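K.L.:
I would like the atomic coordinates for the input below:
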Amino acid sequence: MAVQSHLVELERKHRVLESELHEALRHLSTDDLRIVELKRKKLLLKDEIEKLRQTAGATLH
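P.N.:
Next comes the predicted model:
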């Protein structure tokens, strides 16, 4: 069950970053480096989520 709760938390963080990224893109004054950093963090979280899902799926089978 700990894996599932960790997965839920990572997905929540991913949604928060998605929201921050959309907000940053709405404002022309947002620094490009900030946008790149948000995208990088979001991608890292997505990769971690996928690895965790694969690990969880492998342990169930």
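K.L.:
And Thr30, its phi and psi?
P.N.:
Main-chain torsions, Thr30, degrees, to the nearest 10: phi -70, psi 130.
K.L.:
Tell me how many other residues crowd it.
P.N.:
Burial measure for Thr30: 14 neighbouring residues, criterion other C-beta atoms under 10 Å. Backbone N, C-alpha and C define where each C-beta goes, glycine included.
K.L.:
Below-threshold pLDDT in the protein: ranges please.
P.N.:
1, 60-61 (pLDDT under 70).
K.L.:
center of the protein - which residue?
P.N.:
Taking C-alpha atoms, centre = their mean, the centroid of the chain lies closest to His14, which sits 2.9 Å from it.
K.L.:
Leaving out chain neighbours, which residue sits closest to that residue?
P.N.:
The shortest distance from His14 to any non-neighbouring residue, by C-beta to C-beta, 6 or more residues apart in numbering, is to Leu45 (4.6 Å).
K.L.:
ok, the one you found - contacts?
P.N.:
By C-beta atoms under 8 Å, 6 or more residues apart in numbering, the contact set of Leu45 is 10, 13-14, 17.
K.L.:
swap the cut-off to 6 Å and go again
P.N.:
The contact partners of Leu45, by C-beta atoms under 6 Å, 6 or more residues apart in numbering, come to 10, 13-14.
K.L.:
Closest to Gly57 out of the residues you listed?
P.N.:
Leu10 (15.3 Å; C-beta to C-beta).
K.L.:
which residues does the closest one contact?
P.N.:
By C-beta under 6 Å, 6+ apart, the neighbours of Leu10 are 45, 48-49.
K.L.:
One more pass at 8 Å, please.
P.N.:
Here Leu10 is in contact with 45, 48-49, 52 (C-beta under 8 Å, 6+ apart).
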